[in-house]
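# Provided below for reference: sequence and predicted model.
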Amino acid sequence: MYVGVTTHVAIAEPTDFAYERAYEEHWSDVFRFALAWTNDWTAAEDLAQDAYLRLWNSRDHLDWTRPVLPWLLVTTRRLATDRFRSLRRRLLSTSNTPSVDADPSLRARWLDVCAAMADLSSLERAALVMTAVEGSSYEEAGRVLGTSPGALRAAVSRARTKLETA
């Protein structure tokens, strides 16, 4: 027996367990989704971590009886969109200064990709990434993006048509 020693017992909240379960079950899905958006391993890790940080900060306000993966994927998509906007602003501010080290053919391809992606709406981009890259069904992607499977099929069709004609 120790005299004058106090002990503290940490009690985990049910939301903490739900968060841990969400992390264990969905980390790889969220990471792959972010990787499909960014095509950059480090950026995808950052986006996935940010999504889980937002999940942690929102854990007391979420309905844990509902699937958490759609919430995580929508959050990741929004974070990726914010990242792309930030990158675009930085690129546009430096686009007037020519890069000496840039390969002209790579720059031309990059500009073609940017122009083609700029023609797609955010729904078309997300629908295309989720179905063609991630392999999600139209039903799954529709639930995540908050639209019907039919509307998602139409968005993917429009995106493919736009990319083929670009």
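Now that the structure is in, tell me what you want to look at. Numbering: from 1, shown residues only.

# in which helix or strand does L123 reside?
When secondary structure is defined by DSSP states H and E, L123 falls within helix 122-128.

# so what secondary structure elements neighbour that helix?
helix 138-145, helix 149-165 (3 or more C-beta pairs under 8 Å, 6 or more residues apart in numbering; DSSP states H and E). Every C-beta, even on glycine, is put in place using the N, C-alpha and C of the backbone.

# mind redoing it with 6 Å?
Helix 122-128 makes packing contacts with helix 149-165 when contacts are defined by 3 or more C-beta pairs under 6 Å, 6 or more residues apart in numbering; DSSP states H and E.

# just the buried positions in the helix holding L123, please.
Residues of helix 122-128 classed as buried: L123, E124, R125, A126, A127, L128 (neighbour count, 16 or more other C-beta atoms under 10 Å).

# what pLDDT does the model give Y23?
The per-residue pLDDT reported for Y23 equals 94.

# tell me how far it lies from S136.
Y23 is 20 Å from S136, where distance means C-beta to C-beta, to the nearest Å.

# over to T42?
If you measure T42 against S136 using C-beta to C-beta, the figure is 24 Å.

# try D46
22 Å.

# tell me where this structure has helices.
In the chain, the segments counted as helices under DSSP state H are 14-38, 41-57, 69-94, 104-118, 122-128, 138-145, 149-165.

# and the angle for the helix or strand bottoming out on mean pLDDT in the chain with helix 149-165?
Ranked by mean pLDDT, DSSP states H and E, the helix or strand of the chain with the weakest confidence is helix 104-118, at a mean of 73. Between the axes of helix 104-118 and helix 149-165, defined by axes from the mean of the first three to the mean of the last three C-alpha atoms, to 10 degrees, the angle is 150 degrees.

# quick one: buried residues of helix 104-118?
Across helix 104-118, burial judged by 16+ other C-beta under 10 Å covers M117.
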